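K.L.:
turn this into a structure:
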Amino acid sequence: MTEKASTILINLSIFYITIKCKDFLVFLFDYLKKGKFVVVK
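P.N.:
Below you'll find the model as predicted:
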């Protein structure tokens with residue numbers, strides 16, 4: 001595997017993980033927000 005190919009692969013992996021984490025964090029944040037509202041009310 002050439003250096004350029006591995007760099008592209010690493011960048012794609014980071015991009016993919018970032019997207020997945022972002023979706024998860026948004027979901028988690030929404031869930032916690034709803035949970036807090038329920039506790040407050």
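K.L.:
now residue 5: how far from residue 29?
P.N.:
Counting by CB to CB, to the nearest Å, the gap from residue 5 to residue 29 is 36 Å. Where C-beta positions appear, they are placed from N, C-alpha and C, glycine not excepted.
K.L.:
tell me which stretches of this structure form strands.
P.N.:
Per DSSP state E, the chain carries no strands over any range.
K.L.:
low-confidence ranges in it?
P.N.:
Counting by pLDDT under 70, the chain contains low-confidence ranges at 1, 36-41.
K.L.:
find the centremost residue of it, please.
P.N.:
The structure's the chain has its C-alpha centroid closest to residue 21; by CA atoms, centre = their mean the separation is 1.2 Å.
K.L.:
from residue 11, how far out is that one?
P.N.:
Separation of residue 21 from residue 11 (CB to CB): 16 Å.
K.L.:
cool, and residue 24?
P.N.:
Distance, residue 24 to residue 11, using CB to CB: 20 Å.
K.L.:
now swap in residue 18 and tell me
P.N.:
Noted for residue 18: a distance of 10 Å to residue 11, by CB to CB.
K.L.:
again with residue 30
P.N.:
Residue 30 is 29 Å from residue 11, by CB to CB.
K.L.:
again with residue 31
P.N.:
From residue 31 to residue 11 the distance is 30 Å (CB to CB).
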